[in-house]
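Asker: Requesting a structural model of the entry that follows:
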Amino acid sequence: MIEGITYRWYDHSGFAGGRVGVDGAYGLPYRSDEEVRQWISRDPIARYKTWLLKKGLASADELAKIEAEADRAVQASIAFARQSKDPDPAAGVLHTSSAGPMPATQFFNRSGIVASPKV
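Answerer: Residues are numbered from 1 along each chain as shown. Just a heads-up that it's a prediction; the model follows:
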């Protein structure tokens, strides 16, 4: 079993404080930039990779192949999602209450916020 204690490097929505090509969101009012940097330095994936290499359990080439395969899978899933039509907003509230479908009050789609879609 591997326990990876992690931290949200970006803000809640992933927009504020984030910059293209920079890991972490900085300049947020509710936490210090130093806190973000400290948690990034403790990234469990990077630490595990270092441990595997140090113990000789995997080579840099093997890990690079795994990372490339994972990247291809992520890129394929992004392409699939972009080519797919938006799901029915009502599907987002199915099976969330024992009383049955709940009324949807707001959803975000490619057009922006959609308020009160029909259930």
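Asker: What about the closest residue to residue 53 other than its chain neighbours, how many residues nearby?
Answerer: Here the nearest residue to residue 53 in space, its sequence neighbours aside, is residue 60; by Cβ to Cβ, 6 or more residues apart in numbering that works out to 6.5 Å. Glycine gets a C-beta too; all of them are placed from N, C-alpha and C. Counted with other Cβ atoms under 10 Å, the neighbours of residue 60 add up to 10.
Asker: Could you find the closest non-adjacent residue to residue 2?
Answerer: Once flanking residues are discounted, residue 2 sits nearest to residue 48: 7.0 Å by Cβ to Cβ, 6+ apart.
Asker: name the element the one you found belongs to?
Answerer: helix 44-55 (DSSP states H and E).
Asker: Could you give the average pLDDT over that helix?
Answerer: Helix 44-55 shows a mean pLDDT of 94.
Asker: now swap in stretch 74-89 and tell me
Answerer: 91.
Asker: residue contacts, residue 74?
Answerer: Counting by Cβ atoms under 8 Å, 6 or more residues apart in numbering, residue 74 touches no other residue.
Asker: Strands of the chain, residue ranges please.
Answerer: Secondary structure of the chain (DSSP state E): strands located at 106-109, 112-115.
Asker: which residues are in contact with the helix holding residue 48?
Answerer: Contacts of helix 44-55 (Cβ under 8 Å, 6+ apart): 2, 4-6, 58-60, 63.
Asker: biggest separation within those residues, which pair?
Answerer: For those, the farthest-apart pair by Cβ to Cβ is 5 and 59; their separation is 26.7 Å.
Asker: Looking at those two, which is more packed in?
Answerer: Legend: neighbour count by other Cβ under 10 Å for residue 5 and residue 59, higher for residue 59 (11 against 7).
Asker: Now the residue of the chain positioned farthest from its centre: phi and psi?
Answerer: The C-alpha centroid of the chain is most remote from residue 99, which lies 30.9 Å away (Cα atoms, centre = their mean). Phi and psi for residue 99, reported as degrees, to the nearest 10, are phi -80, psi 0.
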